[in-house]
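> return a 3D structure for these sequence lines:
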Amino acid sequence: MSSISKNIHLETEKNADAMQLAVGKMNRLLDKILEGGGKKRLEKLHAEGKMSARERIDYLLDAGKPRIEIGAFAGYEMYHEHGGCPAGGVVVVIGYVRGRQCIVVANDATVKAGAWFPITGKKNLRAQEIAMENRLPIIYLVDSAGVFLPIQDEIFPDKEHFGRIFRNNARLSSAGIPQIAAIMGSCVAGGAYLPIMSDEALIVENTGSVFLAGPYLVKAAIGENVDKETLGGAATHSEISGVTDYKMPDDKTCLDTIKDLMDKMGRFEQAGFDRTAPQPPAGAPEDIFAIYPENGAKPYNTLELLRRLVDKGELTQYKEHYGKTIICAYARIDGWAVGIVVNNRQVVKNAKGEIQFGGVIYSDSADKATRFILNCNQKKIPLIFLHDVTGFMVGTRSEHGGIIKDGAKMVNAVANSTVPKFSIIIGNSYGAGNYAMCGKAYDPRLIAAWPTAKIAVMGGEQAAKVLTQIQVQSLKDKGHAPDPAGEQELFEKIKSRYDAQTTPYYAAAHLWVDAIIDPRDTRRWISMGIEAANNAPVERFNPGVIQV
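The predicted structure follows:
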């Protein structure tokens, strides 16, 4: 083996080891999150004759069919003062019931009795948003004590808070998107509206209850003594009030009935995205581990990485020799026709022989991407954005060349695109590059991150330098200029804090991304996302003012 070959081999081994470690860390954290509120609370639930949220979802969804979980890291390392909130206290999964794709939302009663934290509300709203955008049936498995009162001001009154969920119930119903709710535990106060504003409601005997005010509040408000079952149990609402539609003896019967209801559901108009028989990608999925660099700042062969994601590794590049810092290509993923926009991380030369840095968007690459996005909308092809971008090119030459105008064209095209968009953040996603590549603010149908992702207004090193300079100048102005060692200490402190906020875990905790995924699961996420989006006909594309 030559020295060059040996170095390449060592580099790929180092890359593979680093990615394997990153995926391993992610899986260990997920295992802990999947425990919910812990073993004791799970045992208590079972003693009450109830299944856990995840057990209910596992029983409900078709065995052997693919599924993806939304927001598993929601609330990660948040609410320490209240004992934490694993997965935001609610489990959200896209899967299949009797062959019909749907989204399931299940309160986790092992986490503060299923109480709603601010992140719980945000996660529920995200689930409803996915249902609305893709016209997916949504199933609620309700088991919640209601708003977590110690922080009610952060969940109750605002536009994107708890009440928005019931508004969405009404909007989903109006749009003809099926909603099925099962009351499998507590359902109190304002939360009582969620199942009853759904199209059909089931309730489980002895464990399910629904009322606007519980026995204690009724006693305090009007002096009436009443037990929970008489006030709002299964018999009351199935035989007297008529609030619920089906009375179920236990969890499994309830879930079996939901399966039967889903089985009889009709089919709706589809968008008509093109799909052929799925084909495997080039090479093994594990090849991605060896291709993506251990140091995310290093260049790598972006085309080879793409070939591990698309069917048969086949790509038709658009404007291959122009705007080389972005690759635009037509391909298929799991049979679905897609248009891919990905930041090319290799250092390239333009037609003038000038060096262009990988991962940076130049005027020509923004122009190319804009035209490609317009074409995909014209031809009704879903768009896939793979982020590894440090931002737009800066400096006098770029500003004089109109980089802001060219960047604005790309942002405009992304914002007005009507074909479904899917974003996978594989590496850096900084500044306006995040926007141009369809970050969360630009309505991707799904957005996921690899464990190698970094999301911020700029890189940690640059940001820390800027912030350090500002703080040092402020100290100088006050006559307290730090010595070089003090300045370095300040820099390290700022960088450490900033870097912690750029991790995929920080992003996923705040639901800036729907999930952190194993890179080998990227095809499944995209395929299931397009299948969901195919339920919703595409509106006519109007690009607005784009001077191309």
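
> averaged pLDDT, stretch 233-248. What do you get?
Throughout stretch 233-248, pLDDT has a mean value of 93.

> got the buried residues for it?
233-234, 236-238, 243-248 (16 or more other C-beta atoms under 10 Å). Where C-beta positions appear, they are placed from N, C-alpha and C, glycine not excepted.

> equivalent analysis for stretch 480-492, please.
Applying 16+ other C-beta under 10 Å to stretch 480-492 flags 487, 490-491 as buried.

> helices of the stretch 101-250 of the chain, start to end?
118-134, 163-174, 193-196, 215-222, 228-232, 234-235 (DSSP state H, counting those that start in this stretch).

> please name every helix or strand in contact with the worst-scoring helix or strand of the chain on mean pLDDT.
Least confident helix or strand, the chain: helix 460-477 with a mean of 75, by mean pLDDT, DSSP states H and E. On a contact count with 3 or more C-beta pairs under 8 Å, 6 or more residues apart in numbering; DSSP states H and E, helix 460-477 meets helix 484-500.

> what helices or strands is the helix it packs on leaning on?
For helix 484-500, the packing partners by 3+ C-beta pairs under 8 Å, 6+ apart are helix 460-477.

> for the helix it packs on, list every residue counted as buried.
460, 462-464, 467-468, 471-472.

> and if you look at stretch 143-153?
143-148, 151.

> pick out the most distant pair among those residues.
143 and 151 (20.3 Å; C-beta to C-beta).

> in three-state terms, label the residue of the chain most remote from its centre for me.
The centre of the chain is farthest from one residue, residue 479, which by C-alpha atoms, centre = their mean lies 47.6 Å away. Applying DSSP: H, G, I helix; E, B strand; the rest coil to residue 479 yields a three-state assignment of coil.

> per-residue pLDDT of it, please?
On the pLDDT scale, residue 479 gets 79.

> now swap in residue 545 and tell me
Residue 545 is given a pLDDT of 60.

> and if you look at residue 324?
For residue 324, pLDDT reads 95.

> would you mind measuring from it to residue 165?
From residue 324 over to residue 165 the distance is 46 Å, taken as C-beta to C-beta, to the nearest Å.

> same deal with residue 103?
Look at residue 103 and residue 165: by C-beta to C-beta, they are 14 Å apart.

> same thing with residue 197?
From residue 197 to residue 165 the distance is 9 Å (C-beta to C-beta).

> who's more crowded, those two?
The neighbour count for residue 197 versus residue 165, taken as other C-beta atoms under 10 Å, is higher for residue 165 (21 against 18).

> list the contacts for the closest residue to the more buried one other than its chain neighbours?
Leaving aside its chain neighbours, residue 165 sits nearest to residue 124 (5.5 Å; criterion: C-beta to C-beta, 6 or more residues apart in numbering). Residue 124 makes contact with 90, 92, 105, 165, according to C-beta atoms under 8 Å, 6 or more residues apart in numbering.

> okay, now the sheet partners of the strand or helix carrying the second one, with direction.
For residue 92, the enclosing helix or strand under DSSP states H and E is strand 90-97. With DSSP bridges as the criterion, the sheet partners recorded for strand 90-97 are strand 68-70 (antiparallel), strand 100-107 (antiparallel).

> turn those into a markdown table, columns for mean pLDDT, distance to residue 118 and mean neighbour count.
Shown next, in a markdown table, are the strands paired with strand 90-97 (pLDDT from 0 to 100; distance: least, C-beta to C-beta, whole Å; neighbours: other C-beta atoms under 10 Å):
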| stretch | mean pLDDT | distance to residue 118 | mean neighbour count |
| --- | --- | --- | --- |
| strand 68-70 | 98 | 17 | 22 |
| strand 100-107 | 98 | 15 | 23 |
